[in-house]
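Undergrad: Any chance you can model this:
(one chain, ligands or ions: 1)
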Amino acid sequence: MAKTQYNADSITVLEGLDPVRARPGMYIGGVGQKGLNHLIYEILDNSVDEHLAGFCKEIWVTLEADGSCTVEDDGRGLPVDLHQKGVSAERVILTTLHAGGKFDHDSYKTSGGLHGVGSSVVNALSRYMTVEVSRDGLLYRDTYERGIPTTKLEKGLLPVVGKSKHTGTKINFLPDDEIFERTVFRADWLKSRLHETAYLNPELTIHYRDLREGTQEEQTFSEPEGLRAYVASLNKGQETVTPVIYFKDSYEGSEVEVCLQFVDAFEENIHGFCNNIFTQEGGTHITGFKTKFTQLVNLYARQLGLLKEKDDNFTGSDTRNGMTCVVALKFPEPIFEGQTKTKLASAEAATAVAAVTGEKLEHYFDRNVEVIKSIISCAEKSAKIRKQEEKAKTNMLSRSKFSFDSNGKLKVCTSKDPEKCEIFIVEGDSAGGSAGTGRNREFQAILPIRGKILNVEKASIDKVLANAEIKTMINTFGCGFSEGYGNDFDITKLRYHKIILMTDADVDGSHIDTLLLTFFYRFMPELIYNGHVYVSMPPLYLVTPKGKGGTPRYLYDDRELQKYQKEHDPSTFDLKRFKGLGEMDPPDLWATTLDPERRVLKQVEIEDARLASEVTEMLMGSDVGPRRQFIYEHAHEAELDW
Ligand code: 28F
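TA: You can find the predicted model right below:
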């Protein structure tokens, strides 16, 4: 585990912070909502590192009323002694890129990829930051503005501002609105992350508070049952087929922890983590687990006579049919790659996970034969369906030229250049009609879909492929799709580089958005990873000043309407509320929602899709409140697409 002795020169001083403000996306992935929340995660990771080192038991995360965020831990407290540069170590760590024990080889710092760039990056991107360190019975304070120190050091040391009976570090920061388009933290993403961190660290307690106007709440995340509780929560409401299976062991300097449970459903749900970082795009730890698990199921199936000599092996996907699994790896100096730097690339991770999985599961299955038999029966069911699907898919793909043409609702565009082309998935034929008329036929295609598409989250693949709307989309996009048994998705064949969901701003519209996002996330995740999916934000209102000369104005949500009503006497204008896109005549639709120069689009981040199924539940309800909040949170962060 981590070195317990800190010495000032274990900080590697690389460079100043100017590059961070020049190109923030390089350091935190982006300056949209996801990048904003990432600021909290960077600070939080440092407290979690202190927990992993064995010195921090509790963390407090507060969204303050003034829009800033405070993170506090009860660890040892950032070092404050003089660094070789003649200033306090805290000052060096907060003002130097990549300062910090990047190279202490025997700790599992939550570093790698976008992670572990450290609090200095957050400091550079914050309007202000206050750092308080409690250690040696004293309370020290340092302050910064946009990463520049505003506290005078005495002989290089931090001023002592009080006494303290405890130890720890407390950081309060306000994101800089010169960097971030929107500086309102997403509470749902944050809580999801805090809960995930609690599941991964059973001895850690995280206190969450939101003190902002209108969203006050407190919540404590503590999961002493760790991954067992995590898997149970992922399987909530589903019929379980096996008990929860859990094992953990160390292997050549790594620590492998796995928890899995089978449910009666046609899907696999595998979450991978490395040093508490959610590896969204998977990686070597996951492939190591999958390879070994597939080998084991086939081995036992043959040993138990459930697979005959002449039978083919079960595929990997067969053996994981109905599996919910969390693989949590602690690995020194992991290498991350991929679009969002969340794909583990270290080859040794596959070896470590495979070795521990093989040893522990053989031991378990030898003593729980009925469990391995249930897993094999899940694999048998999947193999049967798979063979049917392969037939269905071949038919679908061969037949599709006709079925697709038969419902030829697609209004194609003339250009064939995918970079330029965009396709609007429009709710309902009337909206499809006015969009078809209002659009620019050269590069804008329209695909009207009628009513709700299938909720693919739970449906089996053959039902999904039989659904007309789904089939039309697969054929229209041109890039195939990826599903358990066959990944013939090829993003280079995508015909439209913008796929824009254009639905009504009501509960139904949002429900369709989440169903579409769930479909993309499950069958074409790279569309989302690569930023091809957008949600259009049509206006809700049109205000037309009475009398001569006034120019009509479109308003995109209630906040803008309230603002307008504050600034204009109601008798001076007519107010029109758009009930749905179908109500807008084509020129209006062009002016507000189709014209790339004027429209407002929100680029879908993977977090949106990842939470899509939870949001589906929330939006299914009749209460429009959550829907309005969903739109509100999305509308303002909508990224204008120039
Ligand atoms: C609210 C955010 O950042 N907590 C932290 C520590 C404790 C130590 C430490 C941090 C640089 C190179 C080691 C103290 N005493 N919360 C936080 N708590 N950093 S960040 O050391 C950083 C040094 O490696 C610490 C003895 N060893 C380490």
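Undergrad: in the protein, which helix or strand is least confident?
TA: Within the chain, no helix or strand scores below helix 612-620, which has a mean of 52 by mean pLDDT, DSSP states H and E.
Undergrad: Check the residue of the stretch 201-350 of the chain found nearest the ligand and give its pLDDT.
TA: Per Cβ to the nearest ligand atom, the residue of the stretch 201-350 of the chain with the smallest distance to the ligand is I206, at 11.9 Å. C-beta coordinates here come from the backbone N, C-alpha and C atoms, glycine included. The predicted local distance difference test score for I206 is 98.
Undergrad: all strands of the stretch 451-600 of the chain, in order?
TA: All strands of the stretch 451-600 of the chain, identified by DSSP state E, counting those that start in this stretch, fall at 482-483, 486-487, 498-502, 533-536, 541-545, 553-555, 573-577.
Undergrad: Save those strands as CSV, and put in mean pLDDT and mean neighbour count too.
TA: As requested, the strands of the stretch 451-600 of the chain are exported to CSV (pLDDT from 0 to 100; neighbours: other Cβ atoms under 10 Å):
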stretch, mean pLDDT, mean neighbour count
strand 482-483, 74, 18
strand 486-487, 58, 14
strand 498-502, 96, 24
strand 533-536, 94, 23
strand 541-545, 90, 16
strand 553-555, 89, 18
strand 573-577, 89, 14
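Undergrad: Nearest to the ligand, out of the ones you listed?
TA: Put simply, out of the strands of the stretch 451-600 of the chain the one that sits nearest the ligand is strand 533-536, at 34.1 Å, with distance taken as Cβ to the nearest ligand atom.
Undergrad: Quick one: residues in contact with that closest one.
TA: 424, 498-502, 513, 517, 520, 527, 593, 599-604, 609, 634, 638, 641 (Cβ atoms under 8 Å, 6 or more residues apart in numbering).
Undergrad: of those, buried ones?
TA: 424, 498-502, 513, 517, 520, 527, 593, 599-604, 609, 634, 638 (16 or more other Cβ atoms under 10 Å).
Undergrad: Okay, now the unreliable bits of the protein?
TA: Within the chain, the stretches with pLDDT under 70 are 1-15, 99-117, 339-340, 393, 395-408, 457-462, 483-487, 608-642.
Undergrad: for the ligand, what are the nearby residues on the stretch 151-300 of the chain?
TA: Among all residues of the stretch 151-300 of the chain, those adjacent to the ligand (criterion: Cβ under 6 Å from any ligand atom) are 169, 171.
Undergrad: give me the residue from the stretch 151-300 of the chain nearest the ligand.
TA: Using Cβ to the nearest ligand atom, the point where the stretch 151-300 of the chain gets nearest to the ligand is T169, with a distance of 3.7 Å.
Undergrad: Show the backbone phi and psi for that residue.
TA: Phi and psi for T169, reported as degrees, to the nearest 10, are phi -130, psi 140.
Undergrad: go on, K155?
TA: The main-chain torsion angles of K155 are listed as degrees, to the nearest 10 and equal phi 50, psi 40.
Undergrad: ok so S47 is a helix residue?
TA: Yes: counting by DSSP: H, G, I helix; E, B strand; the rest coil, S47 is found in a helix.
Undergrad: gap between it and Q388?
TA: S47 sits 51 Å away from Q388 when distances are taken as Cβ to Cβ, to the nearest Å.
Undergrad: more neighbours, these two?
TA: Looking at S47 and Q388 with other Cβ atoms under 10 Å, you find the greater number of neighbours at S47, namely 27 against 12.
Undergrad: What's the separation between the closest residue in space to that one that isn't next to it in sequence and H532?
TA: With Cβ to Cβ, 6 or more residues apart in numbering as the measure, D73 is the residue that lies nearest to S47, at 3.7 Å, once sequence neighbours are left out. Relative to H532, D73 is positioned 39 Å away (Cβ to Cβ).
Undergrad: who has more neighbours, the two?
TA: Using other Cβ under 10 Å as the criterion, D73 and H532 rank with D73 on top: 28 against 23.
Undergrad: For beta bridges, what are the partners of that one?
TA: Judged by DSSP bridges, the bridge partners of D73 are I59, T169.
Undergrad: So it sits against G168, correct?
TA: Yes: taking Cβ atoms under 8 Å as the definition, D73 is a contact partner of G168 at 5.2 Å.
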